[in-house]
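3D model of this:
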Amino acid sequence: MLAHTLCLHACFPTVFKAMTLNRDTVSSEQLGHLGLVAATIRELGIIEKIDARLDLNERKGGLVSHGRRVAAMVLNGLGFMNSRLSMTPHFFQDKPVAQLLGAEVVAENLNDDCLGRCLDKIADYGVTKLYSELAFEIAREKGLLGQRLHLDSTSFVLYGRYDVESSDDAPLPTYGYSKANRPDLKQVMLSLTQGGKANLPLWMEALDGNSSDKASFHETVKKVQQFTKHLQAAPDGLCFVVDAAFYAPEKLAELNDVPWITRVPAQLNEARGLLKKSTNELIWQVFDENYRAATQSVMIHGIQQRWLLIESKHAQKRELETFQRRLNKKSEELCKTLWHLGNQVFQCKHDAEKAMKPLLKSLKYHRIDYQIVSVERYAGKGRPKPGAEKEVVGYQIQASLSSCLEKIKQEQQTLGRFILATNQLDTTILDNPAVLQQYKEQSSVESEFKFIKNNAFELDSFYLKTPARIGALMMIMTLCLMVYNFAQYSLRKCLDEQADVLPNQVGKPIKNPTMKWVAELMSMIAVVTIMTDDKRHRIVTNVKKVHQRIIACFGVHALEIYGLPPDLARVEINYSNYKNLLHWCER
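Down below sits the predicted model:
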């Protein structure tokens, strides 16, 4: 407290000349990285765009616009404070709400009723309709609409009975295939479509808990295609990249005018034959030191397709190790089984043959050679009499186990393979390496689901009464993801253009920091408020040079929130002698 007192007296000597600082006159609020989130929200114009679509009924006591309510929930969701979205009022108790959301908003305004009515308003407008209008408008304004769209889905478990009826537009909480391995809980599904350089989620749908990817993917593609037809400056020929659940030939026939890339299920008869083809039978195109592909044109359900049999050396190495482990394990199991059978005495040869049949049927990469021999013994007890002959008392199996080397070799040649399919036959528009690259980027959608379900955000914990509000909250979650991805993209782009770096967790310079790490880096920043007799003075403290470099990348909105000069463009830092993170943050 003494250090703060000296600093404040030095900054404002006339104000605090005859004033004693204490807990009644000085307070602090945590700002941290939330100023960057608020600046990104302003940069994207989210508040204004929502207010233009969701009107506020002031006659019923509405004080905070719906745009600011949504912004408050996004700030809470990206607060990295393990604070659930349902705890938004509590979250803002120690935050500078006026700086983040506007001078007319205070923490007490953001109560449960306020936010609940906002979710109801979103549901009434249409969850998917509102989000898609916002997302495509933002992507078009920022020039971030790409030619490829990646589509996937995930499930969210619900801790409650949810026996209420849902409207046609709201997701139905029910039991279904649980991707979270919780079949005992009801769930809802989230379908997400994203694309562009910043990986912005452009389309989201809250679906029933028992919806199937094989059905929902095709419906989503149709809806997105129909929606983009009415957009100005929308890219022509949007190509959808989807996982194997999308490949249903009879349904793909309905989408023949829509370009797509997907993975072919290995269970398909045509795919099984191609996957098992010998290496020497195929003509390969080498992409790089890891990947090569063999192309084949196929016609299924009247759709001409280009199939790429992809072979990966890295995947082949992994699968070879797995295959060998399973082979060795199977050999050990067979040896034990044969030992037990070899010590068993059967009443007749038929019983011995019957015992061997199930074992022989289970063989895939092994071979068992066996014979049935009779077990002979002398009749009676004691020493046998001279000339006595042995009698057959049963039968035993004598077997030897060997490996089918030819079958093993054939299987090893086919490991590390998978098939990609596309209905874009023109290789000048989409060449073979681009097909593989686009499908590999499908993992970005899965990483976004990890983001939403990460415990640091607490976005997957639902405590809402109606399915309609659950759908609206899922839109807020997706909006959090949009703001996060755009902020991260903007920061990395700025660092690249200015040839700047930021410290990583051990103080080493990096060019591609994550926003989650930036949040930790800026956690020390706070707003100090000093009350005098006639004025209130607010100071943003602990803003070091490394923080100024980050803030400058977010533009004038961030500079205003953090109290920095509006013309601050770049902050020079000589980090050549910095050995750890402490050195970056001590000046």
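
ok, E270 touching I300?
Yes - between E270 and I300 there is a contact under Cβ atoms under 8 Å: 6.9 Å. For every residue, glycine as well, the C-beta is placed using N, CA and C.

What segments of the stretch 101-250 of the chain are strands?
148-158, 186-195, 200-207, 239-242 (DSSP state E, counting those that start in this stretch).

how far out from the middle of the chain is the longest one?
Read that as strand 148-158. Put simply, strand 148-158 sits 8 Å off its chain's centre (Cα atoms, centre = their mean, to the nearest Å).

same for it, what does it pack against?
strand 186-195, strand 200-207, helix 213-229, strand 239-242, helix 443-453 (3 or more Cβ pairs under 8 Å, 6 or more residues apart in numbering; DSSP states H and E).

at 10 Å instead, please
Here strand 148-158 touches strand 186-195, strand 200-207, helix 213-229, strand 239-242, strand 260-263, helix 432-440, helix 443-453, helix 467-497, going by 3 or more Cβ pairs under 10 Å, 6 or more residues apart in numbering; DSSP states H and E.

What strands flank it, and is each parallel or antiparallel?
Applying DSSP bridges, strand 148-158 is found paired with strand 186-195 (antiparallel), strand 239-242 (parallel).

Tell me what angle that strand forms with strand 200-207.
40 degrees (axes from the mean of the first three to the mean of the last three Cα atoms, to 10 degrees).

pLDDT averaged over strand 148-158 - what is it?
Mean pLDDT, computed over strand 148-158, is 89.

Please work out the angle formed by the directions of it and helix 432-440.
20 degrees.

Could you pull out the helices in the stretch 51-200 of the chain for me?
Assigned helices in the stretch 51-200 of the chain, in chain order: 66-77, 88-91, 97-101, 112-125, 127-141 (criterion: DSSP state H, counting those that start in this stretch).

from those helices, which stretch is densest packed?
Each of the helices of the stretch 51-200 of the chain was scored by mean neighbour count; the highest is helix 66-77, a mean of 26, by mean count of other Cβ atoms under 10 Å.

Check the offset of that helix from the chain's centre.
Centre-to-centre, helix 66-77 and its host chain are 22 Å apart (Cα atoms, centre = their mean).

circling back: where among the helices and strands packed on strand 148-158 is the average confidence lowest?
Note on the helices and strands packed on strand 148-158: helix 443-453 shows the lowest mean pLDDT, a mean of 82.

Just give me how far that helix sits from the chain centre.
Mean C-alpha position of helix 443-453 versus that of the full chain (Cα atoms, centre = their mean) differs by 1 Å.

So which elements touch it?
Here helix 443-453 touches strand 148-158, strand 186-195, strand 200-207, strand 239-242, helix 467-497, going by 3+ Cβ pairs under 10 Å, 6+ apart.

Just the buried positions in that helix, please.
In terms of neighbour count (16 or more other Cβ atoms under 10 Å), helix 443-453 has its buried residues at 445, 448-449, 451-453.

Next up, the contacts around C118.
50, 54, 56, 62, 64-70, 72-73, 110, 469, 472, 476 (Cβ atoms under 10 Å, 6 or more residues apart in numbering).

go with 8 Å
With contact taken as Cβ atoms under 8 Å, 6 or more residues apart in numbering, C118 is in contact with 54, 66, 69-70, 73, 472.
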